[in-house]
Structure formats: C-alpha cells, structure tokens
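>>> Mind folding the following:
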Amino acid sequence: MLIDGSLNTRTAYCVDPYPYGGHGLLTVPEKELVGLLRRARDTGFVPAVHAIGGAANRVALDAFGSAGIGGRIEHAQFVRREDFARFGALGVVASVQPAHALDDRDAADANWAGRTDRAFPLGSLLDAGATLAFGSDAPVAQLNPWAAISAATTRSSFDGRDPWQPQEAVTREQALAASTRGRGTVRMGGPADLVLLDADPLAVADSALAGLPVAATLVGGRFTYDGGWAGL
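So this is what the prediction gives:
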C-alpha cells in the first residue's frame, strides 16, 4: 500500500513543509489504511506500507497500532525521532534501501535542510530496537546487495566526498544480518540458500565492499551460479 510519494518529487508526506511549500501527499487516509491493515490481519497477510516522509511514517505506525498487526514499512527514509522506538514495539520491520542514502543525499539536503540527521536513520532505528531488512528497490537502484551493505556501513560512495550522516552507519555484522533476514549464519536444518564469496566480507577494505566478488550461489542446496565450486 503506497501512502505517500517520493523525495525527489516533493510528494513524500512530511511534517515540516518543503522549501517551496507543501507537505507532500498522503494518498491513503489513515482510517482507510487501518481498514486495509485489519483485512490483512484477518486473512493472514503480512502487509507492507510504502512510507518515505516523516508524517507518512507516523500515519503508518499509528495505523499498524490501531489494527493490531505487525508488518513492514517500505523505505522509512525520513522518520521523526519519537517514532524510532515504535517500529520494534509494534513489530513493524523497517524495509530499507541503503543505497538511496547516497543516491538521494543532495535531494535530501535540499528538501530536508537542517533535518537530515534523521534521514535514512539506519543506526538510530537499530539502536531503538527496530528490525532492518535491506533491499535494493531495483530497478530504481542496482540489484546488488553488496552496494547496499557498503552504503549502510560506510555512508560513502568513495567519490571524494565526505561520508553522509556517518553517525547513522551500521556495522558489517548488522548489515549482513539485515541482508539475510536475520539468519546470518549457516546451521543444521536451516535453508540451504547460500552465497560463496571470494573474500571475507568482514575483512575487505571499505572501498572494495560494494564490488565483492561472488564465487557461487545455491538455492535449496542446488547451484544456481557455479564459479567452479560444484565439484568440490
């Protein structure tokens, strides 16, 4: 359910006005959203609500609370500080796309001037007890989990600019957990959906993380990409 727009079009629904006026768009009224979430609850769906602006995230969290159901908020790019802890308390996963923090940093600085210390707030959400789930938002951004992990842990594009809002960086261990839906380890009885790498993601240089080479992939224990490991 998409309840607001985007940052670049100034349609993400925000508490504070944009520089040229307006607060963005709320495309689904809260009462209607609560009804949709209750239907999801009653039919066993896990709902996902698209919310980018701080006001949209507030509305989404209020609706999840009223409906008595957990789920996901997609993007959560700009969140009021008083709402950080509500994600974990309500059982709402913050489904985020860390690469957008670097793609959209100039737009965020222009449209959310003076408030970007809480833009793409990965570290703050984790510290407040939220669960993060990383994604790419492909085809809007490249379908590369290592680009997301790099952006989340360095807040840098390594283009000569300073890292953007580096206080919101997370550790590599936290980023890997968010990229594997919290699994992060291989254990007996777990799903055999595996990625074999040519380097240790906890040890490579920051600048090499986004291009980390993949040797092979397995889904359900079967090789779906074989870089020479299948015969071992």
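
>>> And the strands in the chain, which stretches?
48-51, 71-75, 92-96, 132-134, 194-197, 214-219, 222-226 (DSSP state E).

>>> Rebuild the ones you listed as CSV, extending it with mean neighbour count and mean pLDDT.
For every residue, glycine as well, the C-beta is placed using N, CA and C. Formatted as CSV, the strands of the chain follow (neighbours: other CB atoms under 10 Å; pLDDT from 0 to 100):
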stretch, mean neighbour count, mean pLDDT
strand 48-51, 23, 98
strand 71-75, 23, 98
strand 92-96, 24, 98
strand 132-134, 21, 97
strand 194-197, 14, 90
strand 214-219, 16, 91
strand 222-226, 12, 90
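
>>> what residues are up against the residue sitting nearest the centre point of the chain?
Closest to where the C-alpha atoms of the chain average out (CA atoms, centre = their mean) is residue 96, at 0.9 Å. Contacts for residue 96 (CB atoms under 8 Å, 6 or more residues apart in numbering) come out as 75-77, 120, 122, 125, 132-135, 178.

>>> Reformat the strands of the chain as JSON lines; add distance to residue 203.
Listed next are the strands of the chain as JSON lines, based on distance: least, CB to CB, whole Å:
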{"stretch": "strand 48-51", "distance to residue 203": "34"}
{"stretch": "strand 71-75", "distance to residue 203": "31"}
{"stretch": "strand 92-96", "distance to residue 203": "25"}
{"stretch": "strand 132-134", "distance to residue 203": "20"}
{"stretch": "strand 194-197", "distance to residue 203": "11"}
{"stretch": "strand 214-219", "distance to residue 203": "16"}
{"stretch": "strand 222-226", "distance to residue 203": "23"}
